[in-house]
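Visitor: quick check, what structure comes out for this input:
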Amino acid sequence: MLTRLLIPSLLYLFPFVLNAQVRSIPAIKINTPIKIDGSLEDEAWKPIEPTGDFITISPVFGKISTRNTKVKIAYDNTAIYIGAYMYDHPSNIRKQLTARDMLDRQDVDIFTVGFDTYHDKQNGFVFKVSPANVQADLKISQSAGVVYDNSWDAVWESKTSIKGDGWVAEIKIPLSAIRFSKKELQEWGINFARFTRKENENSVWNSINPNISGELNQWGVWTGINKISPPTRLSFLPYLSGGFRVSPTAKGNVTEFLKSGGMDVKYGVNESFTLDMTLIPDFAQVQSDNVLLNLSPFEIKFDDYRPFFTEGTELFNKAGLFYSRRIGAAPALAATVLENYGDKPGYKIKKNPGITRLYNATKFSGRTRGNLGIGIFNAVSAPMYAKVTNLMTNVDSSILTEPLTNYNIIVLDQALKNRSSISFTNTNVLRKGNSRNANVSSIDLSLFDKKNNHNFSFSGRYSSIWGKQENKNGYTITSGFGKVSGIIQYRASLAIESDKYDPNDLGFLYNNNSFEYSANIGYIMNKPTRHFLIHNYRFSFTNSYLYKPFAWSGFQMNASAFFLFKNFWDVTVSFESSPTWNKDYFLHTNYYTGYFLRRTPYYYLGVNGSSDSRKKLYVSWKLGAAESPLPNDPYWAGSLSLRYRFSDKFQISTSMDITQDRGNWGAVRLSDGSFILNTDGSPVISRRNVKTNTGIVSGQYNFTSRMNVNFRLRHYWSYLHNTNFYNLKSDGYWRDTTFLNNHNLNFNTFNLDMFFTWDFLLGSRLTIAWKNALGSNVAIDPYDNTSYFKNFGKSVNNPHSNELTVKIVYFLDYLKLKRKTYRS
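Guide: Next up is the predicted model:
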């Protein structure tokens, strides 16, 4: 009787015991490399004891996993070897083929291993593999929050196989793929994870409590790593690319032949530091930007899809001062050349480059034995010239559109105890000719208490601009304190930006000249209830002022509630309001000019959700509406997204996003991007009806785990109808005015991107890309085409540009080349 009572009690307490302690696993060093074939039958595996007993994170935290998992791990002087056996019935194993790094929300099971090689609980390397042997890898960094760098790609080996009682993953991670200290005897943070798609169950070897801030600080320990002698880390990635581009113009199609060649070099200075260099980089084969109609005076921030500027840059962007699209952007005076000579009689533009070429770019980064992170980034862009011909004299003139420029970043990041850190960042831009130079220095501090319950953060930044164009200095200070773990979490913060602070030569800031304080509180319940697996509630507010002259700007509050149901459908309800009349000080410039507009109070209510993503048909949706005290001033928005999985190889997604704002107020902007100003310099204001539709269709077919073709079609349409015009009064209100032309805008973009990708060897890739886009000189009449389908038809029928390129990248490893040379 006692035994019958004792065993269930022990089983009940078992997961809580595992949750309360940090697990460890001894490091086993082997002398003979393990053959990676997905079988786990290599002799070297036999004496190694497996570990297991995974604990769930979700959908319910803290329970014993419903599936048994056994993991073995070993290492030698060249690599780390992981062998994992995921027990399951073969019919339950989900093995959809996807592109590399695209495993999330797909119909796949996943095995994951992660290493915190400095055991600082702040930086980690993560490797994932699916039953179809699709790889994914990423870097994790955490200070005030957890940041996942999915753009990081390493060269590593894996093989998987399906067995009668489960599936096997065998992994080999070269030591050259990661970085670690030079200590003779080391301990690394480590964790293993398994995701079972059938139950949506995520389980880990060392328990991770979702109500505790951070992830790496909840990993286990790999002990006794002894005398690692890593080999020389040197690899080359030469590339060749070629193709052509056909662009429609008013005078007919213009064909441009594209050719390029270059090389990336990665050199391990030692086991801790790596030097990355790219010579004559080629950035042609990237996804088209999501261009949209910009009615504000602020710059639009676009994502960067160029691998060199996204992979492994988390250290360089710890202070948030690195916007990589600044490097290789459009030459500053290219638009001026087009404006001055594009339609000028007697002149012809022979050449006007739209992007700035780079000579080279270099990254040096790593961590010392004392957990000091050091990063140095440098890039040199070539001077760019436009060529304009005087048709009367037949004389060509060269116009400098972008000078020779050097971009530099230096980062020192010291990891402290308890996830805390202090870092120094300096960004610098120098232009030949001294037209405009810039420097920004930053100190960032993040402190956690011993129990990881509270966090204090502080950052101070100083910017300096000098040169022929202007000279100015500015600063910004931000500080915050909050509770970061537990069911109830909160934070209060203060941010000050002076009117001269400007990080935009290498960073990104919409506008400066602000003073604001904010606070938020959240109730986060990860414990299942009768109806929900997870539910949480959040509330926040922000009160803002103009910094100079000091004047109140506005107040905004937000509230939301999230519910994840037991059938894995989810719903979010959100409320947003600015209950008082606000003052907008940035109408037609991103700096204060002495004019402001009083904006009406508003109240917004929205609901969005999604279905169970395990199903073949996955649906996500959104509905929202807002109203203000002004008459006939409604706003509404809706979106619907569908994804259908036809097979384990083929799926298609489509989405439509629609918004209509009948009470959109702002400075009158013309089709060329300029604003209409009165003689006193004040902007003309309009009330307008703005309709926007964004349609996207994308699909992917995977031939193998290393070969796929994907496409993405996007049509964006925004129609602006000015209903009333006003002149501003000194108190921010307005008085009626009239215009003969109502300056309606009709804006369309159309892009079709298609890529064939084949990773034919480890680290080597062949890519064929076709890009189709609506011609830049196409204008669709805003008075005869006021519906989405008319604009879609016009966008398809008008002239398009076409670009076809082929690029091959070949991975060369120094050690393999050395062995081949020795054998020959």
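Visitor: hey, where'd the helices end up in this protein?
Guide: 2-20, 307-310, 334-341, 788-797, 814-823 (DSSP state H).
Visitor: so for the first one, what's the average pLDDT?
Guide: Spelled out, that is helix 2-20. Taken as a whole, helix 2-20 has a mean pLDDT of 43.
Visitor: for the third one, same thing?
Guide: Confidence over helix 334-341 (mean pLDDT, whole number) is 84.
Visitor: for that helix, packing partners?
Guide: Packing contacts for helix 334-341, counted by 3 or more CB pairs under 8 Å, 6 or more residues apart in numbering; DSSP states H and E, involve strand 347-351, strand 384-390, strand 395-402. From N, CA and C alone the C-beta is placed, and that goes for glycine too.
Visitor: which of these sits most buried?
Guide: Ranked by mean neighbour count, the helices and strands packed on helix 334-341 are led by strand 384-390 with a mean of 19 (mean count of other CB atoms under 10 Å).
Visitor: report the angle between that one and strand 395-402.
Guide: 150 degrees (axes from the mean of the first three to the mean of the last three CA atoms, to 10 degrees).
Visitor: same for strand 384-390, what does it pack against?
Guide: Checking 3+ CB pairs under 8 Å, 6+ apart, strand 384-390 ends up next to helix 334-341, strand 347-351, strand 395-402.
Visitor: so for His715, which of the ones you listed sits nearest?
Guide: Minimum separation from His715 across those (CB to CB) falls at helix 334-341, 24.7 Å.
Visitor: what about stretch 716-726, distance to the chain center?
Guide: 32 Å (CA atoms, centre = their mean, to the nearest Å).
Visitor: check stretch 132-151 too.
Guide: The answer for stretch 132-151 is 11 Å, by CA atoms, centre = their mean.
Visitor: for it, how far is the first residue from the last?
Guide: For stretch 132-151, the first-to-last residue distance is 21 Å (CA to CA, to the nearest Å).
Visitor: now stretch 192-212
Guide: OK, stretch 192-212 end separation, CA to CA: 18 Å.
Visitor: try stretch 676-689
Guide: End to end - CA to CA - stretch 676-689 spans 18 Å.
Visitor: contacting residues around that stretch?
Guide: Residues outside stretch 676-689 that contact it (CB atoms under 8 Å, 6 or more residues apart in numbering): 587-588, 593, 595, 597, 660-668, 670, 675, 720-728, 734, 737, 739, 743.
Visitor: cool, and stretch 324-334?
Guide: So stretch 324-334 is contacted by 283, 301-302, 304, 306, 309-310, 313, 352-358, 361, 379, 381, 384, 386, 399-402, 407, 504-508 (CB under 8 Å, 6+ apart).
Visitor: now it: buried residues?
Guide: 324, 326-329, 331-334 (16 or more other CB atoms under 10 Å).
Visitor: output the below-cut-off pLDDT ranges for this protein.
Guide: 1-20, 144, 250-251, 282-285, 740, 776-777, 819-824 (pLDDT under 70).
Visitor: need the contact list for the spatially most central residue of it.
Guide: Against the mean C-alpha coordinate of the chain, by CA atoms, centre = their mean, the closest residue is Asp303 at 6.8 Å. The contact partners of Asp303, by CB under 8 Å, 6+ apart, come to Asp289.
Visitor: report the contact partners of the nearest residue in space to His800 that is not next to it in sequence.
Guide: The spatially closest residue to His800, leaving aside those adjacent along the chain, is Asn772, at 5.4 Å (CB to CB, 6 or more residues apart in numbering). Asn772 is in contact with 750-753, 800-803, counting by CB under 8 Å, 6+ apart.
Visitor: filter the residues you listed down to the ones in strands?
Guide: Among the contacts of Asn772, DSSP state E puts 750-753, 800-803 in strands.
Visitor: reformat the residues you listed as CSV; add distance to Tyr341 and neighbour count.
Guide: Shown next, in CSV, are these (distance: CB to CB, whole Å; neighbours: other CB atoms under 10 Å):
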residue, distance to Tyr341, neighbour count
Phe750, 27, 23
Asn751, 28, 21
Leu752, 31, 18
Asp753, 31, 20
His800, 25, 19
Ser801, 21, 19
Asn802, 26, 16
Glu803, 25, 19
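Visitor: I'd like to know which of those is nearest to Leu713.
Guide: Leu752 (4.8 Å).
Visitor: bridging residues for the closest one?
Guide: Leu713, Asn772 (DSSP bridges).
Visitor: go ahead and confirm it touches Leu713.
Guide: Yes. Leu752 lies in contact with Leu713 (CB atoms under 8 Å); the separation is 4.8 Å.
Visitor: shared neighbours, the two?
Guide: With CB under 8 Å, 6+ apart, Leu752 and Leu713 have no common neighbours.
Visitor: ok, for His193, nearest residue in space, not its chain neighbours?
Guide: Let me fix one detail, which is that residue 193 is Ala and not His. Thr112 (4.0 Å).
Visitor: quick one: residues contacting Ile487.
Guide: Per CB under 8 Å, 6+ apart, neighbours of Ile487: 211, 523-525.
Visitor: any chance of a markdown table for those residues, columns distance to Thr98 and neighbour count?
Guide: Output for those, formatted as a markdown table (distance: CB to CB, whole Å; neighbours: other CB under 10 Å):
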| residue | distance to Thr98 | neighbour count |
| --- | --- | --- |
| Asn211 | 31 | 14 |
| Tyr523 | 36 | 15 |
| Ile524 | 30 | 17 |
| Met525 | 32 | 15 |
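Visitor: distance of the residue nearest to His800 from Glu803?
Guide: 8 Å (CB to CB, to the nearest Å).
Visitor: what do you get for Val337?
Guide: 22 Å.
Visitor: how about Asn742?
Guide: In terms of CB to CB, Asn742 sits 37 Å off from Glu803.
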